[in-house]
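Chemist: structural data only, the sequence is not supplied:
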């Protein structure tokens, strides 16, 4: 029903209500049922009917004017509450006071009725007007009240809300008044003892976060929604850890200011699924945005690789309003989609951001193509993220790893230096530290390639650095997508060992820190390696079990876990610091970024090994591993 139609209907109802109120009040008086009067029932005299005619006519005009004055015809009644009820209360009193005075001075000569008739008429009018506006909400509350007893029978999901503050209230309120009756709040849990056994809209509040598993069982909870978006990360993750010990589906109201995977601000009103990143013990990244903007705003930024890291770097760089983002990738599909996304965002999300988004198909193995592109776009900053990253695949194809990771990086570095790029940032990996696989060994070589070329520079116009960090969640090659696929297929989830551990951070956090690290490079620390603080390593077995619970299953019962042996090239745990770097790291002014100086190398030997690798990559790939092992990489 449209707004004008609703307004017309309310006006008609109010005309009927005011007349009905006085007629019922008079009828009660002559029927002898007005409290305090014990009279024999009698018919209403003609003069009283005449009085009712005049009073109803005056009341209709007065009631309409007063209700309009209180804006009770322009209210969205679906969201009405106590304030609107008080307005109706005040409007009905004003109406009756005016009519009382009118009767007292103008029409009392027609018929004399007790003044209490006005009190009864006021009460009836108030009830009828309030019911016409709030009746739907009152009916909903009645349904909700009985819903506690009937929820299991009618298919409503029984919901536990964690958080008894404003966000908890809003969540309960939205469930109570939703047009789609799918979820029913049955218990609220809060960490404030003062709220214990109080209620929000009839729903009990219980104190004790650690009692969540017990309360979930006691109240037959189907779903737990955490509504504490402004709480600190440590508290929030402790709550989520407790919630994963239940068999309930888990959702949460997103933290304030949270950005989704496409860089959009998430609404603070709608609960979302809890993901595995929420369970990582990671504090919020605080950036020195001024220093980042100083080298990005208005600049040409070139990014090699449009995969997980490269695409997220593009999204975050776009916020700092560069003049141009150039994406280079040999694989066109992902990069094409990324360009469409970034172009739309640059064009409509911020009218002051007219960043040009450009994609070029190119292989970093092709030095002539790199020289051509660098000459065409003259980038100010280069983020080199392109690489072959899958451990098992590179074990089977060592020549491709060397051609792409080692000599592809060499080509990009040489092109950057020749074009006098202001900053060159190499994306490295924790697998470069004491590697046990071809991929890790080639990544360590790329670090050395960057440092070797820095020594060969005839000028200091290009600042170079590498940023080393561990696994990022949901990136290509991460174990998380594999676990999700196995869970979707009904299991089993395969794990190398119960003791296996890995470093993890979200893609967003990793890229934020990469941008911050790039702002820290200067002439003093040129060609150094920035190492990101990854926190404590995460046990893979524990991670898999949490992911199974988040998917709504019970580990070992609904989804089995299968323990296998370590595949070739993998190891139980990763490291971030080389043996030669231990005890020598310097903490930068950012508390999550450390700085490692170049390890002393015999670069004459290194150059010889590089030539050997170049020849072996085309003539005898099986000997590549042997050469890598004698290059001082701690490759075993």
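Modeler: Arrived safely. None of these values were measured; they are calculated from a predicted model.

Chemist: now name the helix or strand holding residue 337.
Modeler: Secondary structure assignment for residue 337, by DSSP states H and E: helix 332-348.

Chemist: what is that helix packed up against?
Modeler: helix 308-318, strand 324-329, strand 356-361 (3 or more CB pairs under 8 Å, 6 or more residues apart in numbering; DSSP states H and E). Where C-beta positions appear, they are placed from N, C-alpha and C, glycine not excepted.

Chemist: adding mean pLDDT as columns, could you present those in JSON lines?
Modeler: Shown next, in JSON lines, are the helices and strands packed on helix 332-348 (pLDDT from 0 to 100):
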{"stretch": "helix 308-318", "mean pLDDT": "94"}
{"stretch": "strand 324-329", "mean pLDDT": "96"}
{"stretch": "strand 356-361", "mean pLDDT": "94"}
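
Chemist: of those, which is nearest residue 233?
Modeler: Of all these, helix 308-318 sits nearest to residue 233, with 19.9 Å by CB to CB.

Chemist: quick one: distance of that closest one to the chain centre.
Modeler: Distance of helix 308-318 from the chain centroid (CA atoms, centre = their mean, to the nearest Å) equals 17 Å.

Chemist: tell me what the helix or strand where residue 541 lies is packed against?
Modeler: In the assignment (DSSP H and E), residue 541 maps to helix 540-550. For helix 540-550, the packing partners by 3+ CB pairs under 8 Å, 6+ apart come out as helix 479-488, strand 493-495, strand 561-563.

Chemist: worst mean pLDDT among these?
Modeler: Of all these, mean pLDDT reaches its minimum on helix 479-488 (a mean of 87).

Chemist: got the angle between that one and helix 540-550?
Modeler: 50 degrees (axes from the mean of the first three to the mean of the last three CA atoms, to 10 degrees).

Chemist: in JSON lines, list the helices and strands packed on helix 332-348 along with distance to residue 197 and mean neighbour count.
Modeler: JSON lines is the format used below for these (distance: least, CB to CB, whole Å; neighbours: other CB atoms under 10 Å):
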{"stretch": "helix 308-318", "distance to residue 197": "46", "mean neighbour count": "24"}
{"stretch": "strand 324-329", "distance to residue 197": "56", "mean neighbour count": "24"}
{"stretch": "strand 356-361", "distance to residue 197": "57", "mean neighbour count": "17"}
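
Chemist: distance to residue 466 added to the ones you listed, as JSON lines?
Modeler: Formatted as JSON lines, the helices and strands packed on helix 332-348 follow (distance: least, CB to CB, whole Å):
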{"stretch": "helix 308-318", "distance to residue 466": "13"}
{"stretch": "strand 324-329", "distance to residue 466": "19"}
{"stretch": "strand 356-361", "distance to residue 466": "24"}
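
Chemist: quick one: closest of these to residue 569.
Modeler: helix 308-318 (20.4 Å).

Chemist: for the closest one, packing partners?
Modeler: Partner elements for helix 308-318 (3+ CB pairs under 8 Å, 6+ apart): strand 300-304, strand 324-329, helix 332-348, helix 507-520.

Chemist: mind checking which of these is nearest residue 419?
Modeler: Closest among these, using CB to CB: strand 300-304, at 9.6 Å.

Chemist: now the closest one against helix 332-348, angle please.
Modeler: Using the same axes, to 10 degrees: strand 300-304 against helix 332-348 is 160 degrees.

Chemist: so which elements touch strand 300-304?
Modeler: Using 3+ CB pairs under 8 Å, 6+ apart, strand 300-304 is in contact with helix 308-318, strand 324-329, helix 367-377, strand 381-384.

Chemist: let's see it at 10 Å
Modeler: The criterion is 3 or more CB pairs under 10 Å, 6 or more residues apart in numbering; DSSP states H and E, and the helices and strands that strand 300-304 contacts are helix 308-318, strand 324-329, strand 356-361, helix 367-377, strand 381-384, helix 408-418, strand 423-427.

Chemist: any chance of these in TSV, with distance to residue 19 too?
Modeler: TSV is the format used below for the helices and strands packed on strand 300-304 (distance: least, CB to CB, whole Å):
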stretch	distance to residue 19
helix 308-318	64
strand 324-329	71
strand 356-361	68
helix 367-377	80
strand 381-384	76
helix 408-418	85
strand 423-427	78
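
Chemist: just so I know, which of the ones you listed lies nearest residue 99?
Modeler: When those are compared by CB to CB, helix 308-318 sits nearest residue 99, at 65.4 Å.

Chemist: hmm, back to that, quick check: which of the helices and strands packed on helix 540-550 is buried the most?
Modeler: Highest mean neighbour count among the helices and strands packed on helix 540-550 (mean count of other CB atoms under 10 Å): strand 493-495, with a mean of 20.

Chemist: off-centre distance for the strand or helix carrying residue 529?
Modeler: Per DSSP H and E: residue 529 is located in strand 528-532. Here strand 528-532 is found 28 Å from its chain centre; the criterion is CA atoms, centre = their mean.

Chemist: partners of it in the sheet?
Modeler: Applying DSSP bridges, strand 528-532 is found paired with strand 463-468 (parallel), strand 593-596 (antiparallel).

Chemist: could you point out the helix or strand that follows the helix or strand of the chain with the lowest mean pLDDT?
Modeler: Comparing every helix and strand of the chain by mean pLDDT, DSSP states H and E singles out helix 116-154 as the least confident one, with a mean of 64. Toward the C-terminus, helix 116-154 is succeeded by strand 157-162 as the next helix or strand (DSSP H and E).

Chemist: re earlier: just put the helices and strands packed on helix 308-318 in TSV and tack on distance to residue 498.
Modeler: Listed next are these as TSV, based on distance: least, CB to CB, whole Å:
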stretch	distance to residue 498
strand 300-304	38
strand 324-329	38
helix 332-348	35
helix 507-520	27
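
Chemist: between the ones you listed, which gets the lowest average pLDDT?
Modeler: Minimum mean pLDDT among those: helix 332-348, a mean of 81.

Chemist: could you give the angle of that one to strand 356-361?
Modeler: Angle of helix 332-348 versus strand 356-361, following the same axes, to 10 degrees, is 170 degrees.

Chemist: ok, longest strand in this structure?
Modeler: strand 183-190 (DSSP state E).

Chemist: what is the next helix-or-strand element following that strand packed up against?
Modeler: For strand 183-190, the succeeding helix or strand toward the C-terminus, using DSSP H and E, is strand 199-200. On a contact count with 3+ CB pairs under 10 Å, 6+ apart, strand 199-200 meets helix 166-176, strand 183-190.
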